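# structure for this input, please:
(chains A and B)
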Amino acid sequence: MSFFKKLKEKISKSTDTVTNKFKEGLSKTRTAFTEKVTELVFRRKKIDEEFYEELEEILITSDVGVNTVMDLIDDLRQEVKERKIEESAELQPILSEKLVELLQGENENSDINLPENELAIVLFVGVNGVGKTTTIGKMAHRLKQQGKSVMLAAGDTFRAGAIEQLEVWGERVGVEVIKQQAGSDPAAVMYDAIQAAKNRNVDVLLCDTAGRLQNKVNLMEELNKIYRVIRREVPSAPHEVLLVLDATSGQNALTQAKLFGEKTGVSGLVLTKLDGTAKGGIAIAIRQELNIPVKFVGLGEKMDDLQPFDSEQFVHALFSGMMTEETVEKTVEEN
Amino acid sequence: MAAFEGLTSRLQSVFGKLKGKGKVGEDDIKEAMREVRLALLEADVNFKVVKQFIANVKEKALGQEVMKSFTPGMVIIDIVNKEMTALMGGEQSKLAKANKPPTVIMMVGLQGAGKTTTTGKLARLLQKQNHKPMLIAADIYRPAAIKQLQVLGEQINAPVFSLGDKVSPVEIVTKGMEHAKEHHHDYVIVDTAGRLHIDEALMDELKQVKEVIKPNEILLVIDAMTGQDAVNVAESFHQQMELTGVVLTKLDGDTRGGAALSVKAVTGTPIKFAALGEKIDALEPFHPERMASRILGMGDMLTLIEKAQSSIDEEKAKELERKMRKAEFTFEDFLEQMEQVKKLGPLDQIMDMMPGMGKMKGLKNLNVDERKLAQTEAIVKSMTTVEKRNPEIINASRRKRIANGSGTSLRDVNQLIKQFEEMKKMMKQFSGMMDGKSGKKMKNKLAKGMKFPFGG
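Just a heads-up that it's a prediction; the model follows:
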């Protein structure tokens, strides 16, 4: 199985700290998930109908979504037939391979795409309470550490205390926040912020918006207006539109991605709160059905708890510990 | 898009295959149960809960007259619906009350569930019942959380006790409780910081706060969009805090809300409130039977029926129904209906409540938008009486005049007239549908609700 070798190399190449952070943040997720799969594999040595059924349940528990799970299981059945696999232990690497495949698009860059020589604008959208403002704070910190000058636009003029929350982040990170009064037109805030960012030669402008449920027509139109104002001022912008998703959310996240995508052309996902016990499997379904990649994951409340998403690491973190070193070696040798 | 079809259509396809087969056997029930299972999983009900639930339903289905029934699908839906309603609480439950005031309510939950907003809404609800609630801001971690509660407090004129974010929550609540007693508040609501159920340090802090305030209610605030993890969250909070109830938030979204079932199943504590909007008074008592039909994708029929009954004039509705069937429906009727619909509330909410709405062809393209409704009204009002009664005479020059009169464009007018014709067609189909399958009772109840003009 060259896959695991490749994975090992890739991971040893990336900095240990990042991997550790990932593993640490995901440890709870991983334990629950892998314990179950390991137990399943241990208990059911043979691959039979009941094995599939239980595997299906384990996958559903991670919010992957019924459709995606069904497709995945069908794929696995096919592989099992073709490769003539009988032992359930042999299925594990194939499963993780499939999951990585599901999360990865063809030759794409999972980092954010920001232009070098002009003002880069990133718009953050999402439903209420997913962590948009916190993500912006962390993102500002991250970009600043990369030597970029950053400005924040306080576009959530609706929720009580939202502007203040962004201001606190601005202070923490040491970046300027452009704001108006609570209740003012968010599109006007964006306009102001873009002008200010241009005047001060800022590299990146991060735009906060109020959380809104995707089925609220008026609020979604308001968001579209924000998007249009940004486009009008900087035709190539927004360079990224990041939909912030709560990892604990279930199937509704798919509708979120679809409808926010229609109004703002979502270019990537930020999966937050992955340090809990939720698995964020819905990202796989979104990847499959709407082809929107995960770009970042939120793994805690600290400033540096935002990490770029790496699908192999993600799946590896889910599965490491599930297989003993021995099994890995054996699998590698056998292939 | 994921198959967000309701259980009704899922079961219909199962039993559709059996038509003409005469009898429904055990295998058919098994297949039906598989569909129920998928529908529940798609609605985010936890799979363990689903398993248990299916076992119960299956037992009942096998014992009952499902096999003999001519409409086995309906019988199964009925069993599922009843079981689910029973599981989610049976009846509404009220807030506990302390023997000696103040009654103390503690709000707990994950980050972003909506604790602070719900705290404000709950205070508002208590005020409406002539209570004098005081709020304690004990979220010292999230930036500006205290400010958020203060703003909400100002909006509803409720005092908010705060010591800033440099003092420990335990000290805040200690002082806060003293303050509440001195000022004779009969209710105290404590807003705590969102935290992960696995964060030991923060969960310990929560236990200490609990020791100090000795709450009469500990409410877990949980996002209705939560997926499979809802059970872990609820179970863990319940084990550590001994919850007395649950508040389900963001139910005004389009999530099926299977989390409600999961949470109730693992904690056994009642879901006391449902939060349905961003406005400060958008907090309602939880209705298990409505939640059940929502999870099953049958639309919130009860709410709709209730609303329709309270605000639609029965005589007029009957007359309209007659006209619609005979395709005599005119723009005059249209206008009148619009008035009636307005009484029902926001259109998008009504649409959400309608069973099968998502599936109707053509409906998806109709934009449900309040502002458009006003525009539609203007257009219709710019027509002459003769035009309203005989839409077919509205030619190009008349259309131009109508557009000018209503301050809209020719395109808008054309669009409306086209949609009006489409609607007429659809209504005919609809009433035909109602006659067919669903039996008389449903037809009578829903007939009133079924024929809304769908914006423009």
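
# which residues of the stretch 151-300 of chain A lie near chain B?
A:158-165, A:167-169, A:172, A:182, A:213-218, A:221, A:246, A:248-255, A:258, A:273, A:275-279, A:282, A:285, A:289 (C-beta under 8 Å from any C-beta of the partner chain). For the C-beta atoms, the positions are set from N, CA and C on the backbone; glycine is no exception.

# for A:Asn128, what are its contacts?
Neighbouring residues of A:Asn128 by C-beta atoms under 8 Å, 6 or more residues apart in numbering or on different chains: A:159, A:211-213, B:112, B:114, B:250, B:278.

# check what pLDDT the residue most central in space within chain B gets.
Chain B has B:Leu251 as the residue nearest its centroid, 4.9 Å off, counting by C-alpha atoms, centre = their mean. Looking at B:Leu251, its pLDDT reads 91.

# what about the helices in chain A?
Remark: helices assigned in chain A by DSSP state H are A:2-13, A:16-43, A:49-61, A:66-83, A:91-103, A:132-145, A:162-173, A:186-199, A:217-233, A:252-264, A:282-290, A:311-319, A:325-334.

# now the residue nearest to B:Gln111 when sequence neighbours are not counted: how far from B:Val233?
Of all residues not flanking B:Gln111 in the chain, B:Gly194 sits nearest, at 3.3 Å (C-beta to C-beta, 6 or more residues apart in numbering or on different chains). Distance of B:Gly194 to B:Val233, given as C-beta to C-beta, to the nearest Å: 11 Å.

# can you check A:Leu254 too?
As judged by C-beta to C-beta, A:Leu254 and B:Val233 stand 21 Å apart.

# look at the two and report which has more neighbours.
Remark: of A:Leu254 and B:Val233, B:Val233 carries more neighbours, 27 against 22, as counted by other C-beta atoms under 10 Å in any protein chain shown.

# OK, contacts around the more buried one?
With C-beta under 8 Å, 6+ apart, B:Val233 has these contacts: A:248, A:276-277, B:110, B:197, B:222, B:226.

# that one: which element?
B:Val233 belongs to helix B:230-241 when assigned by DSSP states H and E.

# check A:Gly25 and give its pLDDT.
57.

# swap in B:Gln309?
56.

# how about the one 4 residues further on?
The score at B:Asp313 is 62. That number is its pLDDT.

# cool, B:Lys361 as well?
pLDDT, B:Lys361: 40.

# quick check: which ranges of the stretch 101-250 of chain A have low pLDDT?
For the stretch 101-250 of chain A, the stretches flagged by pLDDT under 70 are A:105-110.

# was I right to think B:Thr103 contacts B:Ile189?
No. Applying C-beta atoms under 8 Å as the test, B:Thr103 and B:Ile189 come out as separate, 9.4 Å apart.

# in terms of neighbours, single out the busier of those two.
Neighbour count, other C-beta under 10 Å: between B:Thr103 and B:Ile189, B:Ile189 has more, with 27 against 21.

# what does the more buried one show for phi and psi?
Here is the backbone geometry of B:Ile189 (degrees, to the nearest 10): phi -110, psi 120.

# what helices and strands are in contact with the helix or strand harbouring B:Leu219?
According to DSSP H and E, B:Leu219 maps onto strand B:217-223. On a contact count with 3 or more C-beta pairs under 8 Å, 6 or more residues apart in numbering or on different chains; DSSP states H and E, strand B:217-223 meets strand B:103-108, helix B:230-241, strand B:245-249, helix B:259-267.

# what comes up buried for the second one?
What it means is helix B:230-241. Neighbour-count burial for helix B:230-241, with 16 or more other C-beta atoms under 10 Å in any protein chain shown as criterion, is recorded at B:230-238, B:240-241.

# which residues are in contact with the residue in the stretch 1-150 of chain A that chain B sits nearest to?
In the stretch 1-150 of chain A, the residue that lies nearest chain B is A:Gly129 (3.0 Å; C-beta to the nearest C-beta). For A:Gly129, the contact set (C-beta under 8 Å, 6+ apart) comprises A:211, A:246, B:111-114, B:223, B:250.

# of the residues you listed, which pair is most distant in space?
The widest separation within those, taken as C-beta to C-beta, falls between B:Gln111 and B:Lys250 and amounts to 13.9 Å.

# quick one: which of these two has more around it?
Each of B:Gln111 and B:Lys250 has its neighbours counted (other C-beta under 10 Å); B:Lys250 has more, 28 against 21.

# who are the contact partners of that one?
Shown in contact with B:Lys250 (C-beta under 8 Å, 6+ apart): A:127-129, A:213, B:114, B:223-225, B:275.

# domain-wise, how is the chain divided?
Reading this off chain A. Per automatic domain parsing, the structural domains of chain A span A:19-107+A:315-334, A:120-309.

# was after chain B, sorry
Structurally, chain B divides into domains by automatic domain parsing as follows: B:7-87, B:103-295, B:301-450.

# quick check: which of the ones you listed has the most neighbours on average?
domain B:103-295 (a mean of 22; mean count of other C-beta atoms under 10 Å in any protein chain shown).

# any idea how far A:Glu301 is from B:Ala43?
A:Glu301 is 31 Å from B:Ala43, by C-beta to C-beta.

# thinking again about what came up before, widest-spaced pair of the contacts of B:Val233?
Using C-beta to C-beta, the pair of the contacts of B:Val233 lying farthest apart is A:Thr277 and B:Ile222, separated by 14.0 Å.
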